[in-house]
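Chemist: Give the three-dimensional model of this entry:
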Amino acid sequence: MSTDDSTKDSRLVVIGGHSGTQLAPGGSLPALITAGNSPAAHVWHDFFEGEIANRHTKRDYEKHVRRFLVWAAGRGRGSLAEITTADVGRYIKSLAPEKKSVSLKKQCRSAVRKFFRLA
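Modeler: The predicted model follows:
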């Protein structure tokens, strides 16, 4: 897809600014996705545009994955490759129990795990 194609859908944002670059739904990508020269932007696009059909699930999963990636970056992770299964567990445990229901935590864990299956 070329940069000119992005003007047809205002929800898509070009990442990298050259032809063949994948697009991100809903805005700019998290720093860990754009870090380095990895295919993470392609994984992001494939997961959120190809794997999830329901728009509500897509919105919720994207919110959870974005929050997790911000959390991971704040703990010194510089790329997706540096994130471990233990990080996911620590993140889920860090969610305030009084503010997050069990089902919301399960949805968060599911979103992050499914994203990393493609990463």
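Chemist: in this structure, which ranges drop under the pLDDT threshold?
Modeler: 1-27, 36-38, 98-99 (pLDDT under 70).
Chemist: the helices in it, which residues?
Modeler: 31-34, 40-45, 55-74, 85-94, 102-118 (DSSP state H).
Chemist: With mean neighbour count as added columns, please give those in a markdown table.
Modeler: Where you see a C-beta, it was placed from the backbone N, CA and C, and this is true even at glycine. Converted to a markdown table, the helices of the chain look like this (neighbours: other Cβ atoms under 10 Å):
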| stretch | mean neighbour count |
| --- | --- |
| helix 31-34 | 19 |
| helix 40-45 | 20 |
| helix 55-74 | 17 |
| helix 85-94 | 13 |
| helix 102-118 | 15 |
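Chemist: quick one: S94 and G74 touch, right?
Modeler: No - with contact defined as Cβ atoms under 8 Å, S94 does not count as touching G74 (10.8 Å).
Chemist: quick one: the closest residue in space to I33 that isn't next to it in sequence and K93, what's the gap?
Modeler: In this structure, I33 finds its nearest non-sequential neighbour in A40, 4.6 Å apart by Cβ to Cβ, 6 or more residues apart in numbering. Using Cβ to Cβ, to the nearest Å, A40 is found at 25 Å from K93.
Chemist: how close does the residue lying closest to L104 once chain neighbours are set aside get to S101?
Modeler: Leaving out its chain neighbours, the residue that sits closest to L104 by Cβ to Cβ, 6+ apart is L95, at 8.0 Å. L95 sits 10 Å away from S101, going by Cβ to Cβ.
Chemist: Of those two, which one has the most company?
Modeler: L95 (15 against 10; other Cβ atoms under 10 Å).
Chemist: can you pull the contacts of the more buried one?
Modeler: Counting by Cβ atoms under 8 Å, 6 or more residues apart in numbering, L95 makes contact with 104-105, 108.
Chemist: So which of these is the closest to F116?
Modeler: C108 (12.8 Å; Cβ to Cβ).
Chemist: looking at it, the closest one is touching R66, isn't it?
Modeler: No - counting by Cβ under 8 Å, C108 does not reach R66; the two are 11.1 Å apart.
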